[in-house]
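A.B. asks: I would like to see how this sequence folds:
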Amino acid sequence: QVQLVESGGGLVQAGGSLRLSCAASGRTILYAMGWFRQAPGKEREFVAAIGWGGGNTLYTDSVRGRFTISRDNAKNTVYLQMNSLKPEDTALYYCALKKTKLTDPAYEPREYDSWGQGTQVTVSS
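C.D. replies: The predicted structure is shown next:
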């Protein structure tokens, strides 16, 4: 099974930027990948996802226009560029690999079966 390792989280002031990375131990080129987040006391929620070819992206409404998901298949890595961060973006951010190859990215966590350990993003006001 592919292992995913997130990095790039940290503490930033509101309005700042962070770039998260998710490195995979194996080949992910044929699989859509996603980013999710979970704040204390809340359920895990979808943030963004990208198709296996990189041309199909999805975003939750609250981050559209501020966050950008991308991938480098040669490096088996997916990125999440986060700009104009807000305190409500504070959460543990996870990347995930979709269960089935050559399918579209999805919003639902149940569509993904490999998850990283998460990287913490804290945005101060």
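A.B. asks: Averaging pLDDT per element, find the lowest-scoring helix or strand in this protein.
C.D. replies: Ranked by mean pLDDT, DSSP states H and E, the weakest helix or strand in the chain is strand 112-115, scoring a mean of 94.
A.B. asks: Nearest the geometric middle of the protein, what residue?
C.D. replies: Centroid-nearest residue in the chain, with CA atoms, centre = their mean: residue 35, separated by 2.2 Å.
A.B. asks: For the residue lying closest to residue 124 once chain neighbours are set aside, grab the count of nearby residues.
C.D. replies: Among residues not flanking residue 124 along the chain, residue 13 sits closest, at 5.4 Å (CB to CB, 6 or more residues apart in numbering). All C-beta spots, glycine's among them, are computed from the backbone N, C-alpha and C. Neighbour count for residue 13, taken as other CB atoms under 10 Å: 10.
A.B. asks: going forward, begin numbering at 18 instead of 1
C.D. replies: Sure thing, new numbering starts at 18, so read that last one as residue 30.
A.B. asks: List the buried residues for stretch 116-134?
C.D. replies: Going by neighbour count (16 or more other CB atoms under 10 Å), the buried part of stretch 116-134 is 122, 123, 126, 128, 129, 131, 132, 133.
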